[in-house]
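[1] Predicted model, plus sequence, below.
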Amino acid sequence: MEFPSLLLCLQILLPSLVFLTLILAKKRSAKLPPGPRRIPLLGNMHNMISGEAPHRALHKLSQKFGPVMHLQLGEVSVAVISSPEAAKQVMKTHDIHFASRSPIIVAEIISYGCTSITFSPYGEYWRQLRKITTLELLSMKRVQSFRWLREKVFVGLARKFAASGSEVNFSKQFNAATFSLISRAALGDGTKQVESLHPMINELAELSAGFDIADVFPSIKLFQWMSRLRKRVLVIHKDIDRILEEVIHQHRTAKNDEHHEDILDVLLEYQRDGLDFSLAKDNVKSVIVDMLAGGSETSGTTVEWAMAELLKNPGILEKAQEEVRRVFGEEGTIEESRIQECKYLKLVVKETLRMHPALPLTLPRKCRETTEVDGYVIPENSRVIVNAWAINRDPNYWKDANTFQPERFLDNLVDFKGNNFEYLPFGSGRRICPGMSFGLANTEFPLALFLYHFDWKLGGGMKPEDLNMEDGFGLTARRLKQLYLVPTLTRPLPAQ
């Protein structure tokens, strides 16, 4: 939040804000969901600056006000969903009513006017783009085609771990490796300027974590003009756009020699051939930015949390490691096609995603028409947020919900596909994450690789019970403190 700008603008525009507040108050329905007391002009914005991560703060409020809760953030009406039953109504029963997006400053800029698969509003353009994404860009065939790249990147990282001979910053190094994987899958192998995108994408993820005053008072354009967030995002976007222009030019002028087809190749083919759906250059760039940000953040965060939970629970670590080493024996390498045999490892991934969903709060959906959920009215144009973190820990569905227990999934048939609303690691409905298969492949392979070749200890001589397991602020729930580990190579790595 930009408090100096906020105070100045409130002094200038106080009369207008009072008028807007009175108008909004008249429009409120008696059937709105319950929520905390509002203060004049700002509504419940004070509830969002409690010092806690937003998903935790909203969970605490929902325990008091219920699983369907109303917040007024400036001019914007927000419904927060915190139970499987209510989530099902939003994501399945009335999914078509909640399938769109509300424009926010960061999204409008970085997604070239909200034209990415993540941020574009519901309509024909979004439907066609999603079709391309699921059938071409992130299909199972495409995911498998990047197997060579996963091996190259993560075995390369394993070699760095082996060469270190000491404590490593696992969080930092794995995050960098994951971005390298995603950027090379999207833009090709050997494009040097792409490396400079990493810090920019990381900063955008941090800037996207909160909300800007201009987003909650969208009718007051002066707030947009004064927004420091908007100015910073514009600078980053300009730098990203310049690099993408160069990469697109290189792809268009490159000779058709043998190379691994990347996602940009596919998008440019759609743009060139037209077919039944054409893409403008900015549309292509918006999809690429979407994948760079979403793909690297989510997979990197999940593996980081999985390793933290394994080191926090030595018995589970031993069991997962024994299985991986038994499945792959003395082969000396991890064959991705055989990871299906690592049943317990898959339970570890499932439990990690339950306790630490990559997006603890789903991206806000826009209510396209006034809809009733759990007996309450969600007004048209409201923003709707599903607290996946709270739902995944609902004690009505999960015994010992705050304890890491992979075995809970042995006789539990819930899956990742969004059909079980007590378990929403990738969302559900029309807006379910299209990169689910890609993300799982980028999670399971490195975990199997690291458990097979290395023994692991916490850095600094730390005991498991002393490991900090708090999550920080961000669009994705990264660890509050980076994870330092000591790897000991026990099985030779594959030859280069």
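    Received the coordinates, thanks. Please read these numbers as outputs of a predicted model, since none were measured by experiment.

[2] For the stretch 51-200 of the chain, which segments count as helices?
    Using DSSP state H, counting those that start in this stretch, the helices of the stretch 51-200 of the chain run over 54-65, 84-88, 105-110, 124-132, 140-145, 147-164, 170-187, 197-207.

[3] elements contacting the third one?
    So that's helix 105-110. The contact analysis (3 or more CB pairs under 8 Å, 6 or more residues apart in numbering; DSSP states H and E) places helix 105-110 against helix 197-207, helix 228-253. C-betas here are computed from N, CA, C, even on glycine.

[4] Of all those, which one comes closest to residue 335?
    Taking CB to CB, helix 197-207 is the member of the helices and strands packed on helix 105-110 nearest to residue 335, at 29.4 Å.

[5] helix or strand right after that closest one?
    helix 213-216 (DSSP states H and E).

[6] Tell me how far the biggest helix by length in the chain lies from the chain's centre.
    Using DSSP state H, we find that the single longest helix of the chain is helix 281-312. How far helix 281-312 lies from its chain's middle: 6 Å, per CA atoms, centre = their mean, to the nearest Å.

[7] same check, this time on stretch 480-496
    25 Å.

[8] and if you look at stretch 213-227?
    That offset, for stretch 213-227, works out to 26 Å (CA atoms, centre = their mean).

[9] still on that earlier bit, Serialize the helices of the stretch 51-200 of the chain to CSV and add fields for mean pLDDT.
    Formatted as CSV, those follow (pLDDT from 0 to 100):
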stretch, mean pLDDT
helix 54-65, 96
helix 84-88, 98
helix 105-110, 92
helix 124-132, 94
helix 140-145, 95
helix 147-164, 96
helix 170-187, 96
helix 197-207, 89
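
[10] that older thread, and the contacts of the helix or strand that comes right after the longest helix of the chain?
    Following helix 281-312 in sequence order, the next helix or strand is helix 314-328 (DSSP H and E). For helix 314-328, the external contacting residues (CB atoms under 8 Å, 6 or more residues apart in numbering) are 309-311, 334-335, 338, 341-345, 348, 404, 406, 448, 451-452, 455-456, 464, 491.

[11] Show the average pLDDT along helix 314-328.
    For helix 314-328, the per-residue pLDDT values average out at 98.

[12] Report the buried residues of that helix.
    316-317, 319-321, 323-325, 327-328 (16 or more other CB atoms under 10 Å).

[13] Over to stretch 213-220?
    Those buried within stretch 213-220 under the rule 16+ other CB under 10 Å are 213-218, 220.

[14] Which residues are in contact with residue 306?
    348-349, 352, 443, 447.

[15] how does it look with 10 Å?
    320, 345, 348-349, 351-353, 355-356, 404, 443-444, 446-447, 450-451 (CB atoms under 10 Å, 6 or more residues apart in numbering).

[16] do the same with residue 214
    Residue 214 touches 2, 5, 9, 74, 104-105, 220-227, 229-230, counting by CB under 10 Å, 6+ apart.

[17] just those residues now: which is nearest residue 371?
    residue 104 (21.2 Å).

[18] per-residue pLDDT, that closest one?
    Taking residue 104 on its own, its pLDDT is 88.

[19] My read is that it contacts residue 207, right?
    No: contact criterion CB atoms under 10 Å: residue 104 and residue 207 do not qualify, at 11.1 Å.

[20] Quick check: buried residues in stretch 440-459?
    440-454, 456-459.

[21] lowest-confidence helix or strand of this protein?
    Lowest mean confidence among the helices and strands of the chain (mean pLDDT, DSSP states H and E): helix 3-27, at a mean of 49.

[22] Tell me the spacing between residue 422 and residue 435.
    22 Å (CB to CB, to the nearest Å).

[23] Over to residue 64?
    35 Å.

[24] Repeat that for residue 320.
    24 Å.

[25] same check, this time on residue 337
    Following CB to CB, the distance that separates residue 337 from residue 435 is 20 Å.

[26] Neighbour count for those two, which is higher?
    residue 435 (23 against 8; other CB atoms under 10 Å).

[27] quick one: the residue nearest to that one when sequence neighbours are not counted and residue 144, what's the gap?
    Spatially, and ignoring its direct neighbours in sequence, residue 435 is nearest to residue 138 (5.2 Å; CB to CB, 6 or more residues apart in numbering). Distance of residue 138 to residue 144, computed by CB to CB: 11 Å.

[28] for residue 458, same thing?
    35 Å.

[29] Okay, now the unreliable bits of this structure?
    Across the chain, the ranges flagged by pLDDT under 70 are 1-30, 190-191, 210-211, 255-259, 274-275, 496.

[30] In stretch 405-417, which residues are buried?
    405-406, 408-409, 414, 416.

[31] List just the nearest of those to residue 302.
    residue 416 (11.8 Å).

[32] Next, work out how far apart the closest residue to residue 167 other than its chain neighbours and residue 480 are.
    With sequence-adjacent residues excluded and distances taken as CB to CB, 6+ apart, residue 167 is closest to residue 459, at 4.2 Å. Between residue 459 and residue 480 the computed distance is 16 Å (CB to CB).

[33] Over to residue 62?
    Taking CB to CB, one finds residue 62 at 22 Å from residue 480.

[34] for residue 277, same thing?
    In terms of CB to CB, residue 277 sits 43 Å off from residue 480.

[35] what sits against the nearest residue to residue 450 once chain neighbours are set aside?
    Of all residues not flanking residue 450 in the chain, residue 158 sits nearest, at 6.8 Å (CB to CB, 6+ apart). Residue 158 makes contact with 177, 334, 446, 449-450, 452-454, 487, 489, 493-494 under the criterion CB under 10 Å, 6+ apart.

[36] hmm, 8 Å instead?
    449-450, 453-454, 493.

[37] Residue 237: how many residues sit nearby?
    19.

[38] nearest spatial neighbour of it, skipping sequence neighbours?
    residue 109 (5.1 Å).

[39] you'd agree that neighbour is up against residue 235?
    No: between residue 109 and residue 235 there is no contact under CB atoms under 8 Å: 10.1 Å.

[40] Compare these two and say which is more crowded by neighbours.
    Per other CB under 10 Å, whichever of residue 109 and residue 235 has more neighbours is residue 109, with 19 against 11.

[41] Contact partners for the more buried one?
    230, 233-234, 237.

[42] The same query, at a cut-off of 7 Å, please.
    By CB atoms under 7 Å, 6 or more residues apart in numbering, the contact list for residue 109 reads 233-234, 237.

[43] ok, now residue 184?
    residue 149.

[44] circling back: name the member of the buried residues of stretch 405-417 with the shortest distance to residue 287.
    Using CB to CB, the buried residues of stretch 405-417 come closest to residue 287 at residue 416, 22.6 Å.

[45] which other helices and strands contact the helix or strand harbouring residue 448?
    Under the criterion of DSSP H and E, residue 448 resides in helix 436-453. In this structure, helix 436-453 packs against helix 140-145, helix 147-164, helix 281-312, helix 314-328, helix 343-355, with contacts taken as 3 or more CB pairs under 7 Å, 6 or more residues apart in numbering; DSSP states H and E.

[46] follow-up on the earlier one: so which of the helices and strands packed on helix 105-110 is nearest residue 170?
    Closest among these, using CB to CB: helix 197-207, at 16.5 Å.

[47] now the closest one, how far from the centre of its chain.
    For helix 197-207, the distance to the chain centre is 13 Å (CA atoms, centre = their mean).

[48] Nice, that's everything, thank you.
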